[in-house]
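> The following block contains a protein sequence and its predicted model.
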Amino acid sequence: MLTEEKINAFAERYSDKSGKFVVSTLNNVMIYEAECGYELFDFTKNDFVKMFAKYNWVNSSRSFRNVKSIITGYIKSEDRTSLYDLAEFSENDVSSDDMYADKYFASVDEFVDFLNKYEEPYQIRMNVIAVLYWIGLTSGEIVNLTINDVDFESRTVLNRTGIDARLMDIIKQCYEMKQYDAPNMGGYRTFYVMSGDYILRKTVDRTGENSDQKMTTNTIHTYFMRLNDILEKRGCSKILDQRHLTRNNEYIKVYDYCKTHPEFNLVELSFGNGKNPLADIIGRMCSKVAYISFRQGYKGWIEYFHKK
């Protein structure tokens, strides 16, 4: 079984920065070993699938590769050869029920109800980031988003159209927020939001009245991580991340389109000669390679949430 001593000894092979990630990764593996009741060397492919889903190690291909490399390296360092199940394990395998339960929603209604269920007034500034990721904005687009980019009547944000009215309402609440009370030093403190055109703006107490109202992408990421921390403390099993929120919205668009266009067959789409059959539905270009990944994920989402 893994121990702190073994983990720290293995991490010494890496630089200080990388070593911290190695320690964090293997500490989670050690916890998962205890939950399973047997050591890493005896893990099956299914164990790896569940562990990677639990710790959100598939939020990007790079994250998946880095963690898999660390675990592979540790197993080899112990002169163990039980690498077959790990070698056969790929990112695409993590399409289990655990991943869909932890990262996806069945509908826009479920997503909005989820945000409302766990919301406190100060959380609206965190929830709006989840909403903007959902509709496909990047962190860079979020920090630069102004009220001039939003049309509440036509329900558009930048070039994204047909946005659910309740999501638009969350954006509006965030923009109109002038102050909020949030936990601080064991109590609550009032924070005053700077005036301006940006949807998300800094607070006066952190910047001074004459400072730039615009947030940074680092602040956006910090707010979003804080949202997940809040959800975890409230016993929520969902883990929100940009990639899966955006993809979830796209799955729902395809699902709704298929209900009104029964002749549409996602499996038999034809690419080439300038054709991009998904673009009009999900609102972005999709290469043939990306389409294959999209199709596989969509199939798993359908089977989990909408299988008859």
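Sure thing, it's come through.
> Could you use CA atoms for every contact and neighbour count after this?
Fine.
> Nearest residue to Leu269 in space, please, no chain neighbours.
Pro277 (6.7 Å; CA to CA, 6 or more residues apart in numbering).
> Surely that neighbour and Val267 touch.
No. The criterion here is CA atoms under 8 Å, and Pro277 misses it with Val267 at 11.5 Å.
> Those two: which has the busier surroundings?
Pro277 (17 against 11; other CA atoms under 10 Å).
> how far away is that one from Arg226?
Using CA to CA, to the nearest Å, Pro277 is found at 38 Å from Arg226.
> Now that we're looking at Gly19, what pLDDT does it have?
For Gly19, the model assigns a pLDDT of 90.
> What distance do you get for it to Val143?
On the measure of CA to CA, Gly19 and Val143 end up 32 Å apart.
> got it, and Asp241?
17 Å.
> again, but for Thr161
For Thr161 relative to Val143 (CA to CA), the value is 19 Å.
> Same question for Ile230.
22 Å.
> More neighbours: the two, which one.
Taking other CA under 10 Å, Ile230 and Val143 do not tie; Val143 has more neighbours (20 against 15).
> residues touching that one, list them.
Each residue near Val143 by CA atoms under 8 Å, 6 or more residues apart in numbering is listed here: 198, 200, 214-217, 220.
> average pLDDT for the helix or strand containing it?
Assigned by DSSP states H and E, Val143 falls within helix 139-144. The pLDDT scores in helix 139-144 average 97.
> Next secondary structure element downstream of that helix?
strand 150-151.
> now for that following strand, which elements pack on it?
Judged by 3 or more CA pairs under 8 Å, 6 or more residues apart in numbering; DSSP states H and E, the packing partners of strand 150-151 are strand 156-157.
> if you set the cut-off to 6 Å instead, what comes out?
Taking 3 or more CA pairs under 6 Å, 6 or more residues apart in numbering; DSSP states H and E as contact, there are no helices or strands that strand 150-151 lies on.
> So what touches it?
156-157 (CA atoms under 6 Å, 6 or more residues apart in numbering).
> Thr146 versus the residue nearest to Ser139 when sequence neighbours are not counted, what's the distance?
Ranked by CA to CA, 6+ apart and with sequence neighbours excluded, the top spatial neighbour of Ser139 is Thr217, at 5.8 Å. For Thr217, the distance to Thr146 equals 15 Å [CA to CA].
> do you know how far the residue nearest the centre of the chain is from Phe114?
Geometric centre of the chain, nearest residue: Asp241, 1.1 Å, by CA atoms, centre = their mean. Asp241 is 15 Å from Phe114, where distance means CA to CA.
> circling back: quick one, which of Thr217 and Thr146 is more surrounded?
Per other CA under 10 Å, whichever of Thr217 and Thr146 has more neighbours is Thr146, with 19 against 16.
> what's the pLDDT at the residue nearest to that one when sequence neighbours are not counted?
Of all residues not flanking Thr146 in the chain, Tyr198 sits nearest, at 4.1 Å (CA to CA, 6+ apart). On the pLDDT scale, Tyr198 is placed at 97.
> got it, and Pro121?
On the pLDDT scale, Pro121 gets 77.
> go on, Ala106?
96.
> Angles on the backbone of it, please.
Phi and psi for Ala106, reported as degrees, to the nearest 10, are phi -80, psi -30.
> Which residue is the nearest non-sequential neighbour of it?
Nearest residue to Ala106, sequence neighbours excluded (CA to CA, 6+ apart): Phe305, at 5.6 Å.
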